[in-house]
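Asks: Kindly return the folded structure for what I paste below:
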Amino acid sequence: MSEVLIAGKSVSVNEEGYLTDPSQWNREIAEQIAAEVNITLTPKHWEVLEYLREKQQAGEMLNIRKIGKSGIVDIKEFYQLFPGGPLKNASKIAGIPKPASCI
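Replies: This is a model prediction of the structure:
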């Protein structure tokens, strides 16, 4: 675990760059992490990110199938919004731990 500066705020991250304390997250941090993976956040992205944060706070296990059944996006749209590892990238941008289902 180490401290890094993201969007002008010092935050704790693990070796893969995921925030270790979701309470340190804010929209500016999300925007900077998204930019690092070449994603420009739209209102639909924010809906997905808020959904992920809610489910993680509730202690629910996250996986792509559950997101596809969320009513927010289908699986195809999820892949389009977060290319190159949708759940992995979306979780990182949302400031939550990487789900166990991600390699």
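
Asks: quick one, helices of the chain?
Replies: 27-36, 43-57, 64-68, 75-81, 86-94 (DSSP state H).

Asks: Among these, which comes closest to Asn14?
Replies: helix 86-94 (10.4 Å; C-beta to C-beta). The C-beta positions use only the backbone N, C-alpha and C, and glycine is treated the same way.

Asks: list the contacts for the spatially most central residue of the chain?
Replies: For the chain, Ser91 is the residue whose C-alpha lies nearest the centre (C-alpha atoms, centre = their mean; 2.5 Å). Taking C-beta atoms under 8 Å, 6 or more residues apart in numbering, we find Ser91 in contact with 18, 52, 62, 97-99, 102.

Asks: on that earlier part again, of all the helices of the chain, which lies closest to Val11?
Replies: Closest among the helices of the chain, using C-beta to C-beta: helix 27-36, at 6.8 Å.

Asks: tell me the mean pLDDT for the closest one?
Replies: Mean pLDDT, helix 27-36: 96.

Asks: which other residues reach it?
Replies: Against helix 27-36 from outside (C-beta under 8 Å, 6+ apart): 6-9, 11, 17, 19, 40-41, 45, 49, 92-95.

Asks: Swap in 6 Å and give it another go.
Replies: Helix 27-36 has contacts (C-beta atoms under 6 Å, 6 or more residues apart in numbering) with 6-7, 41, 92-93.

Asks: Looking at neighbours, which among these is most surrounded?
Replies: The most crowded member of the contacts of helix 27-36, judged by other C-beta atoms under 10 Å, is Ile93 (26 neighbours).
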